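Novice: starting from these lines, generate the structure:
(4 chains)
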There are 2 protein chains.
Amino acid sequence: MNTPKARIQDVAKVAGVSTATVSRTLSNPSVVSETTRTAVLEAVKATGYRVNRAARNLRTQKTGAILVLIPNLSNPFFSQIISGVEQIFRRAGYSLLVADTDNINDPDFRLVDVFEDGQADGIILLDGYVPMSAITSLQGTEAENLVVYACEWAETEGIPSIRSDNPAGARMAAQHFASLGHKKVGHICGPKENVLTPMRRDAFVTEARKLGMEVRDEWIFPGDFRLVTGAQAADMFLALEERPTAVFSASDLMAVGFMKRLLSEGVRIPDDVSIIGFDDVGIAAYFHPSLTTIRQDRPQIGRVAATTLLSRLRDPSNVDPYFRHTVPVELITRESTAKPSDG
Amino acid sequence: MNTPKARIQDVAKVAGVSTATVSRTLSNPSVVSETTRTAVLEAVKATGYRVNRAARNLRTQKTGAILVLIPNLSNPFFSQIISGVEQIFRRAGYSLLVADTDNINDPDFRLVDVFEDGQADGIILLDGYVPMSAITSLQGTEAENLVVYACEWAETEGIPSIRSDNPAGARMAAQHFASLGHKKVGHICGPKENVLTPMRRDAFVTEARKLGMEVRDEWIFPGDFRLVTGAQAADMFLALEERPTAVFSASDLMAVGFMKRLLSEGVRIPDDVSIIGFDDVGIAAYFHPSLTTIRQDRPQIGRVAATTLLSRLRDPSNVDPYFRHTVPVELITRESTAKPSDG
DNA sequence: CTGAAAGCGCTTACAG
DNA sequence: CTGAAAGCGCTTACAG
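Specialist: Below you'll find the predicted structure:
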């Protein structure tokens, strides 16, 4: 039952070769002769040999692991990105370490330590709030090119970043409203300090006006992506003398908060007002009415981030420090949008 | 900038001691003298020394990592459990490896290999569908006691399992209905083959009858936890000659599917029928009307699983192979429940 | 309390 | 194509 683990020496003995040859057969089979290879592979099977990671890691100065830094593991938004990351790295033979930055209490935390400790060969950053000191610790080190951002909004000079095509999504929303015949449209914004906020707002407003729709300043509501600010936007909406017939929200959660409040007040959706969200989180499909939204392909964001890091791991010399990648978004049409009732 | 990493030898030289003493100072400070300790610690700071994980791992035959096997990283249910797991293990100095079993295509995958490869020191299993052959590979090995189930429902002889107190939750639902004055109640069941299904159903029915409420067989609807079967239950509900005034669903998702269909048909919630879900997933709070539900404390499930594994890691001899742990649940009262309108 | 030395299990230049 | 040998950076019995 509990046979001691086979080491490379045991395999060598059984196969009648040196440990060097066993090692080569396993990691670089093309350099050994056919006969030797067969013998070694048989010996491997016979002994049940599996390479010891720690020994290999120590010798090669690699870890075979990638660290994913995530602000909050409970947030499905991020775990769906991880899902794409995992897929790529598993295929490439890497394992995935995850750390919840909410749980890291060390103010002196530095990304470079991850490399120096031999914890990981690369880092995928899903947290846009990692302190600058943690990031700048990388400057001038070889690890500098082995960190990739895929956190939706942050960007730091010298770190490649992957994110959704936000302006395109905002334009799709405007186009959808226009195609339904809406003439007056509004917007619920993201958080003030967030780079995505002007991206989505400006692209929406510009496109809407280009398509001949009216967008008044008082129809642009402040927000912060969270449910509660959507409800606040609804209060402002209800107080308006003249209301838009369609509202594009910068997040699904705000769209839901907006709808909940309106429904409580007897406003009909989509009859009285059409709503489009952004993200396509789980609730978008489940809400009543279900929410038309701009879907971000989160697994794809993860896949692109992983692929980018992987190519740097394989060829550290060939690196574009200004790498930016944009992942397409998609309009998902559901029940919350319709022609305006007076249209 | 790019100074070469300090090794333990460098620290030893600076401190004027042997590498053995540096090592002891770092891992077992109480055995070195105060003076030496101070000198070593200063040298550590001066050199920026950080222990090399691979070297330590090779020497100690440990990895300092725990593997979490999860069926689907995108599912928030599981990522919230991981969140609790991460918290405990980070504090204990372990790092967390995650693997999505959806992405593992190897039919010969065996849990014991994780230990033999030196990938992890322990495993938290969130996937109830891991093949038996993967699990039985552990039998008779030292790793046998280093795997913990926290996947909500699976149980395998010899592996400790952690889960919510399902019968208590079902009883809370019945009690809540009774306290509101309901006399006729129904239930939407979980999947047929799932051990949780009879747990929740039987506890609910028994408690309901004990409290003097009527539960007819035709008010017990089949289901499988997913949204669509909730909608199917709604169709059956609508076709009834006599309807219950309150329904307890074995999952939030089915409750939402049930409500969506009823709302579409003009049934008022909670006026015409009260609904209680199970889980407290994100949507429960956001739906309109928001859903009264039995909350499972998923981070706590993760924490208990992690703590259990940790104690086994620390003292492998002191192990109860029949360990079972139950995490309390909680009734979260929201808008979907009220007094019956004829009550 | 401390040091010298062995050794964890690999990989890889080097030599042939 | 293959082997002997060094060495990755630690920890820990052993001896003192």
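Novice: contacts and neighbour counts: CA atoms only from here.
Specialist: Will do.
Novice: do I have it right that A:D165 meets A:T326?
Specialist: Yes: assessed by C-alpha atoms under 8 Å, A:D165 is found in contact with A:T326 at 5.4 Å.
Novice: more crowded one of these two?
Specialist: The residue with more neighbours, out of A:D165 and A:T326, is A:D165; 17 against 13, by other C-alpha atoms under 10 Å in any protein chain shown.
Novice: contacting residues for the more buried one?
Specialist: Going by C-alpha atoms under 8 Å, 6 or more residues apart in numbering or on different chains, A:D165 touches A:326-329.
Novice: averaged pLDDT, the helix or strand in which A:R37 is found. What do you get?
Specialist: Applying DSSP states H and E as the criterion places A:R37 in helix A:34-47. For helix A:34-47, mean pLDDT rounds to 92.
Novice: which residues sit against that helix?
Specialist: A:6, A:10-12, A:14-15, A:17, A:22, A:25, A:29, A:50.
Novice: what's the answer for stretch A:278-293, then?
Specialist: A:77, A:249-252, A:256, A:269, A:275-277, A:294-296, A:331-337, B:256-257, B:260, B:282-283, B:286-288.
Novice: with stretch A:239-253 instead?
Specialist: A:173-174, A:177, A:182-190, A:197, A:200-201, A:219, A:225-227, A:230, A:237, A:255, A:272-281, A:284, A:291, A:293, A:340.
Novice: wait, does the lowest-mean-pLDDT helix or strand in chain A contact chain B?
Specialist: Lowest by mean pLDDT, DSSP states H and E among the helices and strands of chain A is helix A:132-136, with a mean of 86. No: residues of helix A:132-136 are not located near chain B by C-alpha under 8 Å from any C-alpha of the partner chain, the shortest gap being 11.8 Å.
Novice: list the buried residues for that helix?
Specialist: Neighbour counts over helix A:132-136 (16 or more other C-alpha atoms under 10 Å in any protein chain shown) mark A:I135 as buried.
Novice: any idea how far that helix is from the middle of the chain?
Specialist: Centroid displacement of helix A:132-136 relative to its chain, using C-alpha atoms, centre = their mean, to the nearest Å, is 21 Å.
Novice: who are the packing partners of that helix?
Specialist: helix A:111-116 (3 or more C-alpha pairs under 8 Å, 6 or more residues apart in numbering or on different chains; DSSP states H and E).
Novice: please enumerate residues in contact with the helix it packs on?
Specialist: A:120-122, A:134-135, A:137-138, A:141, A:143, B:5, B:50, B:52.
Novice: hmm, try it at 7 Å
Specialist: A:120-121, A:134-135, A:137-138, A:143 (C-alpha atoms under 7 Å, 6 or more residues apart in numbering or on different chains).
Novice: can you check stretch A:217-228 too?
Specialist: Contacts of stretch A:217-228 (C-alpha under 7 Å, 6+ apart): A:186-191, A:229-230, A:233, A:244, A:250-251, A:253-254, A:256-257.
Novice: state the distance from the residue minimising distance to the centre of chain A to chain B.
Specialist: A centroid search over chain A (C-alpha atoms, centre = their mean) returns A:I81, at 3.8 Å, as the residue closest to the centre. Distance, A:I81 to chain B, by C-alpha to the nearest C-alpha, to the nearest Å: 8 Å.
Novice: does that residue lie in a helix or a strand, and which?
Specialist: helix A:76-91.
Novice: so for that helix, what's the average pLDDT?
Specialist: 90.
Novice: residue contacts, the residue lying closest to A:N72 once chain neighbours are set aside?
Specialist: Among residues not flanking A:N72 along the chain, A:D100 sits closest, at 5.7 Å (C-alpha to C-alpha, 6 or more residues apart in numbering or on different chains). Going by C-alpha under 7 Å, 6+ apart, A:D100 touches A:69-73.
Novice: A:R334 and chain B, how far apart?
Specialist: 14 Å.
Novice: which residue packs closest to that residue, ignoring adjacent ones?
Specialist: In this structure, A:R334 finds its nearest non-sequential neighbour in A:T292, 4.4 Å apart by C-alpha to C-alpha, 6+ apart.
Novice: count of neighbours near that neighbour?
Specialist: Neighbour count for A:T292, taken as other C-alpha under 10 Å: 27.
Novice: quick one on the thing from earlier: who does the residue nearest to A:N72 form a beta bridge with?
Specialist: A:I70 (DSSP bridges).
Novice: surely A:G169 touches A:T326?
Specialist: No: in this structure, A:G169 is not within contact of A:T326 by C-alpha atoms under 7 Å, at 11.7 Å.
Novice: now intersect the contacts of stretch A:217-228 with the strands, please.
Specialist: Among the contacts of stretch A:217-228, the subset assigned to strands under DSSP state E consists of A:186-188.
Novice: chain B next: which of the residues you listed are close?
Specialist: When the ones in strands among the contacts of stretch A:217-228 are filtered against chain B using C-alpha under 7 Å from any C-alpha of the partner chain, no residues are retained.
Novice: still on that earlier bit, just the contacts of stretch A:239-253: which are in helices?
Specialist: A:173-174, A:177, A:197, A:200-201, A:227, A:230, A:237, A:255, A:284 (DSSP state H).
Novice: which of those residues tops the neighbour count?
Specialist: Busiest of the ones in helices among the contacts of stretch A:239-253 [other C-alpha under 10 Å] is A:A255, holding 32 neighbours.
Novice: quick revisit: B:Y129: which of the ones in strands among the contacts of stretch A:217-228 is nearest?
Specialist: A:I188 (42.9 Å; C-alpha to C-alpha).
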